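Visitor: Give me coordinates for this.
(4 chains)
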Protein chains: 2
Amino acid sequence: MTGPPTIFEPPARALRLHGSIARKLGISIVSGQYKPGDLLNGEISSSEQFAVSRTAYREAVRILAAKGLVDARPKVGTRINSKSKWNLLDPDVLVWIFESEPDLDVLNSLFELRNVVESAAAGFAAARRSAAHLKAMRLALRGMATHTLATEAGRQADLDFHTTLLDATANPFIISLTSGVSAAINATTVFKHRKGPLRRDPMPDHMRVFEAIAAKNPVKAEQAMSDLIVLAREDTPISRNSERRRAR
Amino acid sequence: MTGPPTIFEPPARALRLHGSIARKLGISIVSGQYKPGDLLNGEISSSEQFAVSRTAYREAVRILAAKGLVDARPKVGTRINSKSKWNLLDPDVLVWIFESEPDLDVLNSLFELRNVVESAAAGFAAARRSAAHLKAMRLALRGMATHTLATEAGRQADLDFHTTLLDATANPFIISLTSGVSAAINATTVFKHRKGPLRRDPMPDHMRVFEAIAAKNPVKAEQAMSDLIVLAREDTPISRNSERRRAR
DNA sequence: GGCTGACATATTGTCTGAGTTATCATACAA
DNA sequence: TTGTATGATAACTCAGACAATATGTCAGCC
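Guide: I've put the predicted structure just below:
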């Protein structure tokens, strides 16, 4: 069930029409351009506005509705849901959030939740990891060390490390957070390197996590992962546009 | 932003055609009737099978794709994704899982994650709750006590308690888990009462959580919530069909 | 004055049938 | 073995029509 590191992902094909429109609308929504309670334009005018058929536009709305961002109903229109209904941990939504330069509060909140979940995950992983997991994590760490986070290969190794750790928890719900966590790591890592090219070496933190998991020591693993995430947040420069919302 | 207990939810209108087909397909998928890697029938035959138009069927597939359950691409077809891509914390997906009588492992995994997240949430809530939050929680507890979980009103009060607690964390990502947590509580509560009508009184556990939050004591709140969830799991009877999958 | 129920209306929902495009498999060439 | 056309198949997109559904209004009534 929780397949070992059998990485074999399809290369994430290009978005189709409905997907790209969902993306555009989604970014507009999470960035605050549309506010909860607002109504989208009708299907006819919206589809004309995007220069697509009603079919494509409607499928885009279906996607947004499935992620909790909007709610469409006859005679009323398509309304932006209150934020509490948004599936913020949905990988797409998370990507859209980062796409629109989230403010500091959001970033901190995300690190806070990551600290809670990934620390606990490290603890579970320490208790349940298989030899294969350990091997995959060792490999990922080696990749991080040789390529560094400045390269695509290094960042992929970092993701592999965290992904394998979550997989080792053997908890499907935690595993299902993988895509979201990956999106978050990717985005924040890019942030880091956009500002200052040089930063603290991330290897020691990761090594401590790995060693605790290898030693099957949940308490130490939990603590080490918590430290790692706190340090990661400290290295993430605050985006300097906390306030730039309100429009439309 | 994190609006106080202004409960005013629209009454969840009936599902439309695409919604009910997404539901049917979703249940078939999470119940294991279709397995990861399997291909759905083509649009033409599937829509005929459900006796709906291709439009409605396609919108259903869009919904499933948005939740990570399937991946549709030209020339290939619509393929069931590997479980790691499923958004298991999506409220709809969670409901579909419970709809199909999940096995013991899944139930335990969910309680495990709830323990992690909600305990931490209780800690944050203890540090950040407003007077309004406290008032709403007190009200919810009173409702639980008077109506008991055997009635709809009592269960709603239980949900209000947990919802308000998550809201008090002031962390949008934790708040966005509310819908999922509610779905889980609802389903497991129904489970409990389906088996044995009488069970342990849930009030003392909840009171301890409330008191710790009222006292702004994060450590105690965390511990009390952890205890509450452990006890809730113990009261949830194991569904006796752990193995009944593989079909289609 | 305030309630009840019928009805017009705006908006999404559903259908049909056609043409378009992406992607895999195969064959062929280098 | 590697790269390059070609063909077939599935989802994708389109246009236009009609159906269903809530909402708000307004007449009628108590």
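
Visitor: Quick one: mean pLDDT over stretch A:17-36.
Guide: For stretch A:17-36, the mean pLDDT works out to 96.

Visitor: And that stretch, what's buried?
Guide: Residues of stretch A:17-36 classed as buried under the neighbour-count rule (16 or more other Cβ atoms under 10 Å in any protein chain shown) are A:18-19, A:21-23, A:25-31, A:34, A:36. Heads up, the C-betas are built off the backbone N, CA and C, glycines and all.

Visitor: quick one: the spatially closest residue to A:Leu15 that is not a sequence neighbour from B:Met207, how far?
Guide: Computed as Cβ to Cβ, 6 or more residues apart in numbering or on different chains, the closest residue to A:Leu15 that is not its neighbour in sequence is A:Arg23, at 6.5 Å. As for A:Arg23, its distance to B:Met207 is 47 Å (criterion: Cβ to Cβ, to the nearest Å).

Visitor: Tell me, what's the model's pLDDT at the closest residue to A:Ile213 other than its chain neighbours?
Guide: Counting by Cβ to Cβ, 6+ apart, the nearest residue to A:Ile213 once its immediate chain neighbours are dropped is A:Ala126, at 4.6 Å. The predicted structure scores A:Ala126 at 98 on the pLDDT scale.

Visitor: can you tell me how far A:Ala126 sits from DNA strand D?
Guide: In this view, A:Ala126 and DNA strand D are 41 Å apart by Cβ to the nearest atom of the strand, to the nearest Å.

Visitor: in which helix or strand would I find that residue?
Guide: Under the assignment given by DSSP states H and E, the secondary-structure element containing A:Ala126 is helix A:104-128.

Visitor: buried ones in that helix?
Guide: So for helix A:104-128, counting by 16+ other Cβ under 10 Å, buried means A:106-107, A:109-126, A:128.

Visitor: now the angle between helix A:104-128 and the helix or strand following that helix, please.
Guide: Using DSSP H and E, the helix or strand that follows helix A:104-128 in sequence is helix A:131-147. Relative orientation of helix A:131-147 versus helix A:104-128 (axes from the mean of the first three to the mean of the last three Cα atoms, to 10 degrees): 130 degrees.

Visitor: Who are the packing partners of helix A:131-147?
Guide: helix A:152-168, helix A:203-214 (3 or more Cβ pairs under 8 Å, 6 or more residues apart in numbering or on different chains; DSSP states H and E).

Visitor: do you know which of those helices lies nearest B:Ala183?
Guide: When the helices and strands packed on helix A:131-147 are ranked by distance to B:Ala183, counting by Cβ to Cβ, first place goes to helix A:152-168 at 22.1 Å.

Visitor: three-state assignment of the residue of chain A most remote from its centre?
Guide: Most distant from the centre of chain A: A:Lys75, at 35.4 Å, with distances by Cα atoms, centre = their mean. Assigned state for A:Lys75: coil (three-state reduction, DSSP: H, G, I helix; E, B strand; the rest coil).

Visitor: can you tell me how far it sits from chain B?
Guide: For A:Lys75, the distance to chain B under the criterion Cβ to the nearest Cβ, to the nearest Å works out to 11 Å.

Visitor: list the contacts for that residue?
Guide: Neighbouring residues of A:Lys75 by Cβ atoms under 8 Å, 6 or more residues apart in numbering or on different chains: there are none.

Visitor: so what's it scoring on pLDDT?
Guide: Spelled out, the predicted local distance difference test score at A:Lys75 is 93.

Visitor: And the one 5 residues further on, by the same measure?
Guide: With respect to pLDDT, A:Ile80 has a value of 97.

Visitor: That one pairs with what?
Guide: Counting by DSSP bridges, A:Ile80 is bridged to A:Val70.

Visitor: Averaging pLDDT per element, find the lowest-scoring helix or strand in chain A.
Guide: Within chain A, confidence by mean pLDDT, DSSP states H and E is lowest for helix A:178-195 among all helices and strands, at a mean of 82.
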